[in-house]
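Enquirer: coordinates only, no sequence provided:
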Ligand code: PEP
Ligand code: MG
């Protein structure tokens, strides 16, 4: 009886919402389908009155689920309950870990030669003659039949998936395997498979998924290979810039064996699997319309400025060579080592954390090699309207799940940071008015809700909470007591939480001995500290603080000498290439910086 109820649980249903900006796209859908298939129960997805089988990648993709769409997942039959739980957890993880592909901002170019503009796939500079892609198919005799070829291709994709499982791009192989499974069910011969693929590609035309047509071509090529079709691609044995309509994802590996310097594709998108793999391989590449480019003369592919210079002048070439050299040094040194610990030349470990503002920047930080979050600027999480407790809790939870080491700053509103739903009376000097921690006094309900949401999201996870703009010891003790009362009121154990302050107001420099008695940690906010030390508003249009002023360094030195609790730095100074050596010599061991600066900063640390 027990077994019966266990296996044949009631039909289950749950509503799930797409939170990734990329929508529910091929790779996550493939993982979802793959898991659905591992359960014996019937699994369906309903969206806008259309119900499809969640075990078929094509039908699920046909729903074109985009960010903020909510669908209903249903399971029915054997192990339905277990299936729904597992799929829900997988879906939430997929949404959380799906990194948004953003258009890369183009730099300004200043070339004398003629240009073709494009969109950047992977940044870099390449100088070489153009080479037009040439693919030829040759058929050999074989005894393999279509069914066997289908099996071999599926096994190959499975093997590739397992081989690359730990890498970000493994999902591409799983996606292709699922696509092949779904197409294979419908095809008994190669021509039927070709027909199905042509139909699928037709339906993609003009849609956001159009760039996935290369995956279909790739699958077809893989099956054909086992039926004796050999694809011959020739490359020059001297450096070249490859010009092609598109490339198959499976061709990128082969390209790495050649002297390719850059790639220009005419018919792909920055979201295609080919583009993802070009980026992963670090091949300078651009999407641009380039007709009839050939010859022995070198071209300049500047994939920072997103241009192809096809009649470069001698000056253009000279400048591009210098930029290329510079790029090479930076790329090789920083990016490939961004996940490695940053050790100084003497072997001292420097922790490199990220300053983030929301889930996307937290994910970006993870991708860029951050070891944690040193500053979560919570005021940027909800810009338009006041979020509910549940929305706040969910947002914090998603961010907290990404790292073990997290410091969240309570609302830092006022001065240069306004929120439409927080009213602060007009002040003559808003930078010296109600801002940061002072809001605990003026807006206690709002702060109570924020504390509660953070506590709920943290559960038992170790977390650091820091208060901004603290200027006196009492301000800290009272605010910490406020937080403790919130915990008491809602009966939450917060022994997992440390409380600290940002050092942004100069008065703290004179109170460190007392602060040492009460805080768990400090984080130096040099952006505000500099403005208050020099009485120059940080947003002032003409007056500017000298970012490398010795006064700032001596303030930091003073803090490090007196502080008996851990000190980190999260102001802009921490990512300033001219400041890092000094900061480390003063004794700082933890830097929190913008995600984009992580790889570079780690590399600079390695040279100190
Ligand atoms: C700072 O003041 O240095 C800081 C990191 O905080 P914000 O820039 O958010 O004020
Ligand atoms: Mg500040």
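Expert: Good, I have the coordinates. Being a predicted model, the structure only gives us computed values, none of them experimental. Residues are numbered from 1 along each chain as shown. Ligands and ions are numbered 1, 2, ... in the order given.

Enquirer: helix, strand or coil: sort out the residue of the stretch 51-200 of the chain found nearest ligand 2 for me.
Expert: For the stretch 51-200 of the chain and ligand 2, the shortest gap (Cβ to the ion) falls at residue 105, measuring 25.3 Å. Where C-beta positions appear, they are placed from N, C-alpha and C, glycine not excepted. Three-state assignment for residue 105 (DSSP: H, G, I helix; E, B strand; the rest coil): coil.

Enquirer: what ranges do the strands span in the stretch 151-300 of the chain?
Expert: Secondary structure of the stretch 151-300 of the chain, counting by DSSP state E, counting those that start in this stretch: strands at 229-233, 240-244, 260-265, 285-287, 299-302.

Enquirer: out of those, which is the most enclosed?
Expert: Comparing the strands of the stretch 151-300 of the chain by mean neighbour count (mean count of other Cβ atoms under 10 Å), strand 299-302 comes out on top with a mean of 30.

Enquirer: may I have the strands that pair with that strand, each with its orientation?
Expert: Note on strand 299-302: by DSSP bridges, its sheet partners are strand 125-128 (antiparallel), strand 307-309 (antiparallel).

Enquirer: which of these sits most buried?
Expert: Scoring the strands paired with strand 299-302 by mean count of other Cβ under 10 Å, the most buried comes out as strand 307-309, with a mean of 25.

Enquirer: which strands or helices does the following helix or strand past that strand pack on?
Expert: Using DSSP states H and E, the next helix or strand after strand 307-309 towards the C-terminus is helix 314-334. For helix 314-334, the elements it packs on are strand 125-128, strand 299-302, helix 598-606, judged by 3 or more Cβ pairs under 8 Å, 6 or more residues apart in numbering; DSSP states H and E.

Enquirer: so where's the stretch 501-608 of the chain uncertain?
Expert: For the stretch 501-608 of the chain, residues meeting the criterion pLDDT under 70 lie at 541.

Enquirer: what segments of it are strands?
Expert: Using DSSP E, counting those that start in this stretch, the strands of the stretch 501-608 of the chain run over residues 521-524, 567-569, 590-593.

Enquirer: how does the protein divide into domains?
Expert: As given by automatic domain parsing, the domain ranges for the chain are 2-97, 115-134+234-335, 136-232, 353-543.

Enquirer: re the thing from before, give me the neighbour count for the residue of the stretch 51-200 of the chain closest to ligand 2.
Expert: Neighbour count for residue 105, taken as other Cβ atoms under 10 Å: 9.

Enquirer: check the one 10 residues further on too.
Expert: The number of residues packed around residue 115, counting by other Cβ under 10 Å, is 20.

Enquirer: i'd like the first residue to be 219 from this point on
Expert: Got it, the first residue is 219 from now on, which makes the last one we talked about residue 333.

Enquirer: got phi/psi on it?
Expert: For residue 333, the backbone dihedrals (degrees, to the nearest 10) come out as phi -120, psi 150.

Enquirer: contacts only, for residue 417.
Expert: Listed by Cβ atoms under 8 Å, 6 or more residues apart in numbering, residue 417 has no contact partners.

Enquirer: let's see 10 Å
Expert: Contacts for residue 417 (Cβ atoms under 10 Å, 6 or more residues apart in numbering) come out as 401, 404, 434.

Enquirer: residue 237 too?
Expert: Residue 237 makes contact with 285-286, 309-310, 312-314, 316, 577, 612, 616, according to Cβ under 10 Å, 6+ apart.

Enquirer: wait, residue 637 touches residue 604, no?
Expert: Yes - judged on Cβ atoms under 10 Å, residue 637 makes contact with residue 604 at a distance of 8.2 Å.

Enquirer: overlap of the contact sets of those two?
Expert: residue 664.

Enquirer: state the distance from the residue in the stretch 519-668 of the chain that ligand 2 sits nearest to to residue 507.
Expert: As assessed by Cβ to the ion, ligand 2 sits closest to residue 630 within the stretch 519-668 of the chain, at 6.3 Å. Distance of residue 630 to residue 507, computed by Cβ to Cβ, to the nearest Å: 47 Å.

Enquirer: show me which of those two is the more surrounded one.
Expert: residue 630 (25 against 11).

Enquirer: residues of the stretch 519-668 of the chain that sit close to ligand 1?
Expert: Contact residues (Cβ under 6 Å from any ligand atom) of the stretch 519-668 of the chain with ligand 1: 593, 595, 630.

Enquirer: nearest to residue 798 among the residues you listed?
Expert: residue 593 (17.4 Å; Cβ to Cβ).

Enquirer: so is that closest one in a helix, a strand, or just coil?
Expert: strand.

Enquirer: buried stuff in stretch 291-300?
Expert: Neighbour counts over stretch 291-300 (16 or more other Cβ atoms under 10 Å) mark 291-294, 297-300 as buried.

Enquirer: same thing with stretch 425-435?
Expert: For stretch 425-435, burial by neighbour count (16+ other Cβ under 10 Å) applies to 427-435.

Enquirer: returning to what we had before: ligand 2: which of the strands of the stretch 369-518 of the chain is closest?
Expert: strand 517-520 (36.9 Å).
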